[in-house]
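[1] when you get a sec, could you give me coordinates for this:
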Amino acid sequence: MAATAARRYPASSPTIPALATTAILLVAVVGCGDAQGPPPAGGSNPSSTAPSPAGEPMGGASPAEFPISVPEYAHATVAAWAAPDLLRLADLTSAGVHGRIIDLPGPPDQDWAFVRCDDQVTWWACSFYNGDGDYLVLNLDQEKLGEPRAVVDFAFEPTAYPATARAYAEAFITAWQTGNRARMAALATSEATGAFDRLDPTPAPEYQVGEEGDPLIVVVVELDGTEVELRLSVALLGQPHAIRYAEPVAG
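    Now for the predicted structure:
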C-alpha cells in the first residue's frame, strides 16, 4: 500500500478549470430544500495526473500516479470528470461513486472553485462550488491516498431559491459562512453581498423576521453581537436576487 501522505492544505484556493466536471460529487443529488446549508460531509469511511489508458469502465487501476495529498487527489478527481476521462475518474473513485457521478443529470456549470478540505477523523471532506453556486463535497479515505479509488463518497447540492424570507436569508448566510461567493451572488445584489465583506462569519446566527410588507420584508440577522438588516423583495422570493439591500444596524 502506498505511503499515506501527511495531511496538508493547499497554500491557496485554486480554481478548477471550467471543465471541472459537475463534480458536485456529493453523495447523492440532494434535493433543493428551502433553507440550504452545505450538505454534510458524511459518507462511508471515509494537477490532474495523466489520463488512464483504455481499460475496463469501472476502473482500470491505471499506472498513472495517484496523488498523495488530499487537495491534489480531490482536484484530480474533478479534473478527470471535467476532461472527460471516465476511465481515470473510475481509477480515482469507488465503483459506487463512479456510477452515481456519471448518472447525475445536467451537467451543471463546470467552472468549479475549490473551497477547502476538512479533516473528519476517518475521512477528509473537500468542498467546491461552481459559477451557479452549486455545492460539491468529495469524501476521501485517508488510508487510500496514493492508491486507486480514494474518493469513497460525494454529495451535490444545487443552488435553490427559497419561497420564504427566513429560509432565503438562511440560505444566503450559509453561503457566506461556507465561502460560496457564487451562491451569495445568486441570492443577493452585489450591494447586499458587499455588506458582508467586512464581517466575520458566526457559527450560529439568529434571525428576526419583520412583518410582511409591500414590496420589501426585513430580516434582521444577529452575528455575534453585530446585527445586519436584510431587505428582501417579496415579489422575488423563490427567484434569484431577492435580497436587495443589506446593512449593519446602528447600535
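[2] CA atoms for contacts and neighbours, from now on please.
    OK.
[3] pull the number of nearby residues for the closest residue in space to Thr226 that isn't next to it in sequence.
    Counting by CA to CA, 6 or more residues apart in numbering, Thr226 lies nearest to Pro248, which is 7.2 Å off, once chain neighbours are set aside. Neighbours of Pro248 under the rule other CA atoms under 10 Å: 16.
[4] now do the contacts for Pro248.
    Taking CA atoms under 8 Å, 6 or more residues apart in numbering, we find Pro248 in contact with 195, 226-229.
[5] make a ChimeraX selection of the buried ones in the residues you listed.
    Command for ChimeraX that selects the buried part of those, burial taken from 16 or more other CA atoms under 10 Å:
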select :227,228,229
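[6] show only the entries of the contacts of Pro248 found in strands.
    226-229 (DSSP state E).
[7] from those residues, which is closest to Glu206?
    Nearest to Glu206 among those is Glu227, at 9.3 Å by CA to CA.
[8] any weak-confidence spans in the stretch 1-150 of the chain?
    For the stretch 1-150 of the chain, applying pLDDT under 70 flags the ranges 1-64.
[9] sorry, back to before: how about TSV for the ones in strands among the contacts of Pro248, with distance to Cys126 and pLDDT added?
    Converted to TSV, the ones in strands among the contacts of Pro248 look like this (distance: CA to CA, whole Å; pLDDT from 0 to 100):
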residue	distance to Cys126	pLDDT
Thr226	30	88
Glu227	31	92
Val228	30	95
Glu229	32	96
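[10] before we move on, the earlier item: mind putting the contacts of Pro248 into a markdown table with distance to Ala74?
    Shown next, in a markdown table, are these (distance: CA to CA, whole Å):
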| residue | distance to Ala74 |
| --- | --- |
| Ala195 | 32 |
| Thr226 | 36 |
| Glu227 | 37 |
| Val228 | 36 |
| Glu229 | 37 |
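[11] going by distance to Val121, which of the contacts of Pro248 wins?
    For the contacts of Pro248, the nearest to Val121 is Thr226 (33.2 Å; CA to CA).
[12] name whatever forms a beta bridge with that closest one.
    Leu223 (DSSP bridges).
[13] strands along this protein, start to end?
    Under DSSP E, the chain gives strands at 26-29, 113-119, 124-129, 135-140, 151-157, 206-209, 216-223, 226-233, 243-248.
[14] most tightly packed of those strands?
    strand 135-140 (a mean of 32; mean count of other CA atoms under 10 Å).
[15] now do that strand: distance to the chain's middle.
    7 Å (CA atoms, centre = their mean, to the nearest Å).
[16] direction included, what does it pair against?
    Sheet pairing for strand 135-140, using DSSP bridges, gives strand 124-129 (antiparallel), strand 151-157 (antiparallel).
[17] okay, now Arg183: neighbour count?
    Neighbour tally, Arg183, other CA under 10 Å: 25.
[18] tell me who's in contact with the nearest residue to it once chain neighbours are set aside.
    Closest residue to Arg183 apart from its sequence neighbours, by CA to CA, 6+ apart: Gly133 at 3.9 Å. Taking CA under 8 Å, 6+ apart, we find Gly133 in contact with 158-159, 180-184, 186.
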